[in-house]
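Participant: Only the shape, not the letters, is given here:
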Ligand SMILES: Nc1nc2c(ncn2[C@@H]2O[C@H](COP(=O)(O)OP(=O)(O)OP(=O)(O)O)[C@@H](O)[C@H]2O)c(=O)[nH]1
Ligand SMILES: [Mg+2]
């Protein structure tokens, strides 16, 4: 009885008949082998289809790095290099942003001028000690070691004539759907210190975008009837005001007392984001068309995470679609990065190397280079990114070069640098070694350290870098698909 229970009914059902002839056995074995072959080929096909599907999925690339590291500028380089038709179609929409950048540059100077002129008059009236508490001041107060600024009536006149630019700034922001006063606490805390000698001068408040679709459609989307006429009228009005102010803007910018004032305030306008004052004449022309370089240099802060789909028109990835995610880089926005780590093919991490002597406005105790190291470590050690390709752009090498040439010594800010030569090559390689070391220590599995020394406002050089990066990302995507 016990034995009867041990017989497997299925095995019994498929077992060959006890009286099977050799010919029948041969036929059965052949049929079984054929069935196995078909089953294996179906499995193989399923695997290939799954991999093909994964390969077809858009490649996802995340651009990470602190604010003003150059993420949005890198994204623009991707668009310019790989999607030139779409880029050309959008170029026009950047005119308003560039006008806004220029007007804001000038208003920064006018605000300082107003402050200095008031201070100069007060100096005559009273010798009362003004507060030296500059923590909250948007721009550093005048340094007392500089000589007095000898303003003339001409300065007062220019200031008066350029007064309409304040209203125009608001108008342009409104046209772009920009909320420059919204979330003021974030914005106010988001100015870096541009002090040439490490003295902390925060940059003027910036406007930001929530959605690139939104602002582009504000200036580009076809409208009808009175809305379209109103928009065209506002655009013409802005162009006219700027054209009318062009000469005065140039006069202010080139004025020696104004330059002295900026030096005194330790504000290097040329190093600030979205600087266009050297191009006043060109941009203020009524028929101004933004050049590729202008668009690449135009500055709009990113808020949140912006998704860009780029259809590659050329290169090894031609025909494929990539999803690039451009994120806001200030500290308050970094929590929004994490959900995008999942299912991401590659990360391009931007670290500005010129900022070794600057501090975060969000936290004035934190050095900007240290902040990059910290977030690089977080990215390298993330479990979700364990198999993601990570590429490092040590960016703003051009500004690093300028800073070193102006006499800033790295060893005074990064003690471990010691007595190495204070040149751009040695300094950037030294920083790269540190990033490499962090990656090695913190990656969950061995990964290749891919580093590029970039100045992403140089579109030609960046196109070359991107072609190498493109291949690496493509390869990583295919390998990941085959492993899926
Ligand atoms: N000189 C120089 N300027 C650069 C370089 N990269 C970016 N910039 C400028 O730096 C400013 C900030 O660049 P963005 O690309 O807007 O910075 P971001 O990382 O997107 O900043 P958030 O949107 O605030 O996170 C812009 O005005 C750029 O033109 C560079 O390599 N060299
Ligand atoms: Mg950005």
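Facilitator: Great, that's in hand. No experiment lies behind these values; they were computed from the predicted model shown. Numbering: from 1, shown residues only. Ligands and ions are numbered 1, 2, ... in the order given.

Participant: now stretch 463-473: mean pLDDT?
Facilitator: On average, the pLDDT along stretch 463-473 is 93.

Participant: Run through who's touching it.
Facilitator: Applying Cβ atoms under 8 Å, 6 or more residues apart in numbering, the set of residues contacting stretch 463-473 from outside is 59, 61, 77-78, 80-82, 315-317, 345-346, 348, 389, 391, 393, 450, 452, 454. Where you see a C-beta, it was placed from the backbone N, CA and C, and this is true even at glycine.

Participant: hmm, which of the residues you listed are the buried ones?
Facilitator: Neighbour counting by 16 or more other Cβ atoms under 10 Å classes 59, 61, 77-78, 80-82, 315, 317, 345-346, 348, 389, 391, 393, 450, 452, 454 among the contacts of stretch 463-473 as buried.

Participant: Out of those, list just those in helices.
Facilitator: 77, 78, 80, 81, 82 (DSSP state H).

Participant: I'd like these laid out as JSON lines, including pLDDT and distance to residue 374.
Facilitator: Shown next, in JSON lines, are those (pLDDT from 0 to 100; distance: Cβ to Cβ, whole Å):
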{"residue": "77", "pLDDT": "96", "distance to residue 374": "26"}
{"residue": "78", "pLDDT": "94", "distance to residue 374": "26"}
{"residue": "80", "pLDDT": "94", "distance to residue 374": "31"}
{"residue": "81", "pLDDT": "93", "distance to residue 374": "31"}
{"residue": "82", "pLDDT": "92", "distance to residue 374": "32"}
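
Participant: Mind picking the two most distant members of those residues?
Facilitator: Spanning the widest gap among those are 77 and 82, at 9.1 Å by Cβ to Cβ.

Participant: Next one: the residue positioned nearest the centre of the chain, what pLDDT does it get?
Facilitator: In the chain, the centroid-proximal residue (Cα atoms, centre = their mean) is residue 71; its distance is 1.6 Å. On the pLDDT scale, residue 71 is placed at 97.

Participant: now the helices for the stretch 201-350 of the chain?
Facilitator: 212-220, 225-254, 256-264, 280-284, 292-297 (DSSP state H, counting those that start in this stretch).

Participant: Kindly report the same for the stretch 351-484 of the chain.
Facilitator: Counting by DSSP H, counting those that start in this stretch, the helices of the stretch 351-484 of the chain are 368-381, 397-405, 424-442, 459-483.

Participant: how about the longest one, does it get close to ligand 1?
Facilitator: No: looking at helix 459-483 against ligand 1 by Cβ under 6 Å from any ligand atom, there are no contacts, and the closest approach is 8.6 Å.

Participant: same check, this time on the second one
Facilitator: Yes: contact of helix 397-405 with ligand 1 is found when judged by Cβ under 6 Å from any ligand atom, involving 398, 399.

Participant: how about that helix: buried residues?
Facilitator: In terms of neighbour count (16+ other Cβ under 10 Å), helix 397-405 has its buried residues at 397, 398, 399, 400, 401, 402, 403, 404.

Participant: So the fifth one is in contact with residue 422, correct?
Facilitator: No: in this structure residue 401 lies outside contact range of residue 422 using Cβ atoms under 8 Å: 11.1 Å.

Participant: Which neighbours do the two have in common?
Facilitator: What both residue 401 and residue 422 touch, as defined by Cβ under 8 Å, 6+ apart, is an empty set.

Participant: Can you pull out the low-pLDDT segments for the protein?
Facilitator: 1-7, 50-56, 123-146, 178-214, 217-223, 482-484 (pLDDT under 70).

Participant: ok, longest helix in it?
Facilitator: helix 22-56.

Participant: got the angle for it vs helix 459-483?
Facilitator: Going by axes from the mean of the first three to the mean of the last three Cα atoms, to 10 degrees, helix 22-56 is angled at 150 degrees with respect to helix 459-483.

Participant: Packing partners of helix 22-56?
Facilitator: helix 459-483 (3 or more Cβ pairs under 8 Å, 6 or more residues apart in numbering; DSSP states H and E).

Participant: So residue 428 versus ligand 1, what's the distance?
Facilitator: With distances taken as Cβ to the nearest ligand atom, to the nearest Å, residue 428 is found 12 Å from ligand 1.

Participant: thought that residue was touching residue 353?
Facilitator: Yes: contact criterion Cβ under 8 Å: residue 428 and residue 353 qualify, at 5.5 Å.

Participant: between those two, what contacts are shared?
Facilitator: Each of 394, 397, 400 lies in contact with both residue 428 and residue 353 under the rule Cβ under 8 Å, 6+ apart.

Participant: Up against ligand 1, what does the stretch 251-400 of the chain have?
Facilitator: 273, 274, 297, 299, 301, 302, 328, 329, 395, 396, 398, 399.

Participant: circling back: ok, which of the helices of the stretch 351-484 of the chain comes nearest residue 23?
Facilitator: helix 459-483 (44.1 Å).

Participant: Give me the angle between that closest one and helix 397-405.
Facilitator: Taking the same axes, to 10 degrees, one finds helix 459-483 and helix 397-405 inclined to each other by 130 degrees.

Participant: Can I get the helices of the stretch 201-350 of the chain in TSV including mean neighbour count?
Facilitator: Converted to TSV, the helices of the stretch 201-350 of the chain look like this (neighbours: other Cβ atoms under 10 Å):
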stretch	mean neighbour count
helix 212-220	16
helix 225-254	15
helix 256-264	16
helix 280-284	18
helix 292-297	19
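
Participant: Can you lay out those as CSV showing distance to residue 171?
Facilitator: Shown next, in CSV, are the helices of the stretch 201-350 of the chain (distance: least, Cβ to Cβ, whole Å):
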stretch, distance to residue 171
helix 212-220, 12
helix 225-254, 7
helix 256-264, 25
helix 280-284, 16
helix 292-297, 20
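
Participant: Give me the distance between residue 474 and ligand 1.
Facilitator: 24 Å.

Participant: quick one: the strands in the stretch 101-250 of the chain?
Facilitator: Counting by DSSP state E, counting those that start in this stretch, the stretch 101-250 of the chain has strands at residues 208-209.

Participant: tell me which parts of it are close to ligand 2?
Facilitator: Taking Cβ under 5 Å from the ion, no part of the stretch 101-250 of the chain reaches ligand 2.

Participant: And the residue of the stretch 251-400 of the chain closest to ligand 2?
Facilitator: residue 302 (3.1 Å; Cβ to the ion).

Participant: my read: that residue touches residue 72, true?
Facilitator: Yes: with contact defined as Cβ under 8 Å, residue 302 counts as touching residue 72 (5.5 Å).

Participant: which of these two has more neighbours?
Facilitator: residue 72 (26 against 22; other Cβ atoms under 10 Å).

Participant: Can you pull the phi/psi pair for that one?
Facilitator: Backbone geometry at residue 72, expressed as degrees, to the nearest 10, gives phi -60, psi -30.

Participant: how about stretch 460-468: buried residues?
Facilitator: Here stretch 460-468 shows 461, 462, 465, 466 as buried, counting by 16+ other Cβ under 10 Å.

Participant: Just give the nearest non-adjacent residue to residue 418, would you?
Facilitator: With Cβ to Cβ, 6 or more residues apart in numbering as the criterion, residue 418 has its nearest non-adjacent residue at 6.1 Å, and that residue is residue 411.

Participant: and the one you found, what does it touch?
Facilitator: If you count contacts by Cβ under 8 Å, 6+ apart, residue 411 has them with 417, 418, 419, 420, 422.

Participant: what's the spacing between it and residue 300?
Facilitator: Separation of residue 411 from residue 300 (Cβ to Cβ, to the nearest Å) stands at 36 Å.

Participant: next one: residue 367
Facilitator: According to Cβ to Cβ, residue 367 stands 26 Å off from residue 300.
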